[in-house]
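1. Fold the following, please.
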Amino acid sequence: MRTWSTTMGMALLGLTSMATAQQPGLPAPTLPAPGQVQVQVQVPAVPVIPRPAGTQTAPATPAAVVPGRAVAPATTVPAQAAPGRPVAVQAGAAAAPAQAVPADQAASAAAVAERLAGFVKAFNDRNATALADYLTEDATLIASDGVVTRGKPALGELFTAGFAQPTNYTLASTIEGTRFLTPDVAQLEGVSKLTAPNEPSVVNNFVSLVTRTNNVWRIAEIRDLPAAPEVVAPADRLAELEWMVGDWVSESAEANTKTTSSVRWGDNKAFLVRQASEQVGQEKPHTSLMIVGWDPQSSQIKSWLFDSEGTVGEGLWARAADNQWVIRAQGAHIDGTSGSATQVITLENPNAARTSTVDRMSGGVIVPDKDEILMVRRPPASPAAAPGAAAPAR
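-> Numbering: from 1, shown residues only. As a prediction, the model looks like this:
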C-alpha cells in the first residue's frame, strides 16, 4: 500500500507513516541551504505502520527551544548504504562561509550525524531490532495529528509491523539545524521527503531531541510537523495517469461495436485530452471529448466530458488500488435530464485496461449497467518514408 498511519512522525528518517499518496494538499519540500548536501537514500519499502493499542493524543507543538544557545551548522544525515543499495547525493551551490562553532559542539554534531547515518542504514535494512537500539528506553514519537507512541518496546512493534508492508517509496532526509540545549542534549530540525515513481511526494518537517549517555547518542523524542502547503505542478498530480497516453481500441464482433480512444497530454502536462468514438454497425459514430485535470477546489483529479449528442458531465477520480481508478460521474443530457454513473477502470497490464460502468441512473430512474469492455493499446504506426527522400545508394 502507499500509506503510513501518520505522515512522517519519525520524519527525521521517514519512520512513521505517510499520508495517503494521493492525498491533496501535499506539503512543500524545503531546499537545502547553499553548500549543503542533500542525501537521498534508496529505501526498499516505506512500511504501513498501524497505530498500536494504547496510543494517545497530545498537542502537536514543537519541542521547546532554549534561546541563546549556540547552533551548529546545518547537517545532512550521511547515508551509509547497505551492500547493493544505491545512494544518490545531490550537492547544492557554493558553500556559504562557515559559522564559528565551539569545537566540542562541532564534534558532538558530527557524532549525532554519524549515529543517525546508522539509523538510516538500519531502516534501509528493514531491521526493527537495530532501529530500536537507536532509541532511549522511554523514547516518544508524536505524529502530526497528535497521536503519541511511547517507549522502545511500543516503537519496536510499530517498526516491525511497518516493515511487513511493501512499498516503492524513496526517502530523502536533511537535518537543517542542530541546537545544543546542554552538552548532552541536542534538538534537531529538518525535512524529510518520500518519493516514488508515478506517486505524489510526501514532505514533512520534524523536530527531534537526542541525548547522550555513556558517550552514545540516542533519540529521545521525534515530533512531526506538517510542512507548508506547496503549489504542486499539475503534471505531478496527474503522474499516476501517465499510462493512459496513447491510442486504444476495443472491438466486439458479438455486439458489432468498435470503440476507439486517443489520449494526449495538454501543454505542460497540465491536463489530459481524450477523444473517443463508439460505433455500432454502420451507424454514425458517437464521439466524445474528455479533459482530465487536477481540480484545486475539490483537491482531486476531475474530468469534464462533452459528447456529440449534447451530453455534458463531470467525474471525480479516486485511486482504489495501484492499478484501479473509480470515477463518480454525473451530468445532464441535451434535454436537461440528469444522469449519473460509476465507472471502474482497471489496468490489467501496460497495454490493456478493463472498463466497467455501473450504478447508472437517468432522470432518477435506474438503467442497466453497460457491458464491460477491454481496451488494448494500439502499437505505434510505422514511420513513413519522408516525401521525396532519396533512395539509399546501392
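2. could you give me the average pLDDT of whichever strand or helix holds Asn204?
-> Take DSSP states H and E as the rule and Asn204 turns out to sit in strand 202-213. Averaged over strand 202-213, pLDDT sits at 88.
3. repeat for stretch 166-182
-> What stretch 166-182 shows for mean pLDDT is 82.
4. Can you give me the buried ones in it?
-> Neighbour counts over stretch 166-182 (16 or more other CB atoms under 10 Å) mark 167, 169-180 as buried. (C-beta placed from N, C-alpha, C; glycine too.)
5. same question, stretch 103-122
-> In stretch 103-122, the ones that count as buried by 16+ other CB under 10 Å are 105-106, 108-109, 111-113, 115-122.
6. Can you convert the buried residues of stretch 166-182 into CSV and add a column each for distance to Ala270 and secondary structure?
-> Converted to CSV, the buried residues of stretch 166-182 look like this (distance: CB to CB, whole Å; DSSP: H, G, I helix; E, B strand; the rest coil):
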residue, distance to Ala270, secondary structure
Thr167, 28, coil
Tyr169, 25, coil
Thr170, 25, strand
Leu171, 29, strand
Ala172, 26, strand
Ser173, 31, strand
Thr174, 30, strand
Ile175, 35, strand
Glu176, 32, strand
Gly177, 36, strand
Thr178, 41, strand
Arg179, 42, strand
Phe180, 47, strand
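7. quick one: which of those residues is nearest Gln275?
-> Nearest to Gln275 out of the buried residues of stretch 166-182 is Tyr169 (CB to CB; 34.6 Å).
8. could you pull out the strands for the stretch 151-300 of the chain?
-> Here the stretch 151-300 of the chain has its strands, by DSSP state E, counting those that start in this stretch, at 170-182, 185-195, 202-213, 216-226, 246-252, 257-265, 271-280, 286-295, 300-307.
9. Which neighbours in the sheet does the second one have, and how are they oriented?
-> In the sheet containing strand 185-195, the strands it pairs with under DSSP bridges are strand 170-182 (antiparallel), strand 202-213 (antiparallel).
10. Select, out of these, the one closest to Leu141.
-> Leu141 sits nearest to strand 202-213 of all the strands paired with strand 185-195, at 9.9 Å, using CB to CB.
11. Pull the number of nearby residues for the closest residue to Gln300 other than its chain neighbours.
-> Excluding the flanking residues, the one nearest Gln300 by CB to CB, 6 or more residues apart in numbering is Leu316, at 5.3 Å. Leu316 has 15 neighbours, counted by other CB atoms under 10 Å.
12. so what's Val367 up against?
-> With contacts defined as CB atoms under 8 Å, 6 or more residues apart in numbering, Val367 is in contact with Arg360, Met361.
13. hmm, I was thinking of Val376
-> Trp248, Val249, Ser250, Asn351, Ala352.
14. now for these, which pair is the farthest apart?
-> Within these, two members stand farthest from each other by CB to CB: Ser250 and Asn351, at 12.6 Å.
15. and the two? which has more neighbours close in?
-> Ranked by neighbour count (other CB under 10 Å), Ser250 and Asn351 place Ser250 first, with 18 against 14.
16. distance of the more buried one from Ala353?
-> Relative to Ala353, Ser250 is positioned 9 Å away (CB to CB, to the nearest Å).
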